[in-house]
Every structure is written in C-alpha cells, then in structure tokens.
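I need the structure of the sequence given here:
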Amino acid sequence: MTATRRQETDGAPQPVTARRPGGRTARTRDRILEATLHLVARDGIAGLRYEEVAELAGVHRTSVYRNWPDREELVSAALLRYAGSVELEDTGDLRRDLVDYLVALADLLSTTTGRAMRRAIESARENPEAARPVNRIFELRLADLQQVVDHAVARGELPPVDAYFLAELLTGPVHLYVSRGLRPFTRAEAERITDVVLAGLRHTAG
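Sure, this is the predicted structure:
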C-alpha cells in the first residue's frame, strides 16, 4: 500500500491533504477516506457526521454523499484502505511470518488507523451497523491467516488449527500491550508470544 501522510487533529478540524497519485477525483476520495478515519478514531462510528467529514477533508458535503451515500460503506472503505496496510506474508517460515505480522500490527494500533479500529470495535459491540465494516476487516484478515496456516500444516510445521482461534491467541496480547501502554511492544515480545502459542498448539496436538 502506498504510504499516506496523516495529519493529527487534536483541536479544531483541519483539512487533510492526501499524497497519493491520481486525478482530482481520486485525490478527493482519498481526502474523504482519511478524514473519515480521523473522525472514527475520535468519535467512533456512531458519532460520524458527513458534515464533519466534508469539513475535515476540505470538500463539499455533496462530494461525500456522491461517493458514499451509505455511511457503512464509507466507514468500510476507510478502514479497508488503511487497516489493510498490515499484511501477513507467507514465506514458508511460519514463525517469522507471524512475528513480523505481530510487530506490524502493534505499529498500526499505535496510529490513527489503530485508534479508529479500536473505536469501531467498541461501537460494533452495541451497534449492528457498526459491526458490519469491522467484521469485513476481520474476515479478510482471517482468510489470509487461514491460507498461511493451511500451508504450514501441509509442511508439517503446525497441527490443524482454526484460524480464528489462532488469531485470538496471537493478537489478543498485542492489543493489551498497546492499549495499556505500560511498556513498548518489541520484536522480542512478538517472538515470545508466537513461541508460546505455537508450542502450546503442538503440545496439545501431540
């Protein structure tokens, strides 16, 4: 994914300037998606207002409605655009791939995108409308993880395991580390979590 410069907005909203190639329409859409991400991070999905998206993106309100007449689709597009920056590689070395993924996930959770995801998850617990875009993110990530797991099982690195169960074991501690902020999440922590999870799976399957 092409990197995008993010502008934090701790006070009054300021127009967000995207640095992505493309025509005027593409740049407008990028500004809208980035503004949406910032507002979801600040207010959650339930508090998202098209008027504020337009103001922060520096566009007319009709531009937001024209591109995304449905709020759920707008939030989904924003989350998918930026949350997709964390990819799970499938190099043939399961341990290294999982460790790399956890490190990248921790980095993401510390950004505006991560805060938006956490607010979206909180909203999803009480609002079915908010749950749909969040579930779409998780479904895509689980599909990638299941593919990597299936390949590892075929190589004999891992016993058969459900991707959802494995994801909860691996990513749960990362979310706790980042949300509590008591100490930084390092590669050593990612290695420790991965080793404990993989050893437990192999032991219980033996």
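
what helix or strand is residue 135 located in?
helix 128-155 (DSSP states H and E).

please disregard the earlier target; I meant residue 159.
Here residue 159 is covered by no helix or strand, with elements defined by DSSP H and E.

angle of the lowest-mean-pLDDT helix or strand in the chain against helix 128-155?
Ranking every helix and strand in the chain by mean pLDDT, DSSP states H and E puts helix 112-124 at the bottom, with a mean of 78. Here helix 112-124 points in a direction 110 degrees away from that of helix 128-155 (axes from the mean of the first three to the mean of the last three C-alpha atoms, to 10 degrees).

buried stuff in helix 112-124?
112, 113, 114, 115, 116, 117, 118, 119, 120, 121, 123, 124 (16 or more other C-beta atoms under 10 Å). Glycine gets a C-beta too; all of them are placed from N, C-alpha and C.

I'd like those as CSV, with distance to residue 48 appended.
As requested, the buried residues of helix 112-124 are exported to CSV (distance: C-beta to C-beta, whole Å):
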residue, distance to residue 48
112, 14
113, 15
114, 17
115, 14
116, 10
117, 14
118, 15
119, 10
120, 10
121, 15
123, 9
124, 13
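
returning to that earlier point: ok, then the element right after the helix holding residue 135?
Next along from helix 128-155, by DSSP H and E: helix 163-180.

now, the most widely separated pair of the buried residues of helix 112-124?
By the measure C-beta to C-beta, 112 and 124 form the most distant pair in those, at 18.3 Å.

show me what the least confident helix or strand of the chain is packed up against.
Counting contacts by 3 or more C-beta pairs under 8 Å, 6 or more residues apart in numbering; DSSP states H and E, helix 112-124 is packed against helix 24-43, helix 71-83, helix 94-109, helix 128-155, helix 163-180.

switch those over to a markdown table; also include mean pLDDT, distance to residue 50 and mean neighbour count.
Compiled in a markdown table, those are given as follows (pLDDT from 0 to 100; distance: least, C-beta to C-beta, whole Å; neighbours: other C-beta atoms under 10 Å):
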| stretch | mean pLDDT | distance to residue 50 | mean neighbour count |
| --- | --- | --- | --- |
| helix 24-43 | 89 | 9 | 21 |
| helix 71-83 | 82 | 8 | 20 |
| helix 94-109 | 93 | 26 | 19 |
| helix 128-155 | 84 | 15 | 16 |
| helix 163-180 | 91 | 29 | 16 |
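
export those to JSON lines and tack on distance to residue 58?
Output for those, formatted as JSON lines (distance: least, C-beta to C-beta, whole Å):
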{"stretch": "helix 24-43", "distance to residue 58": "6"}
{"stretch": "helix 71-83", "distance to residue 58": "16"}
{"stretch": "helix 94-109", "distance to residue 58": "25"}
{"stretch": "helix 128-155", "distance to residue 58": "24"}
{"stretch": "helix 163-180", "distance to residue 58": "31"}
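
so which of the ones you listed is nearest residue 55?
In terms of C-beta to C-beta, the element of those nearest to residue 55 is helix 24-43, at 8.1 Å.
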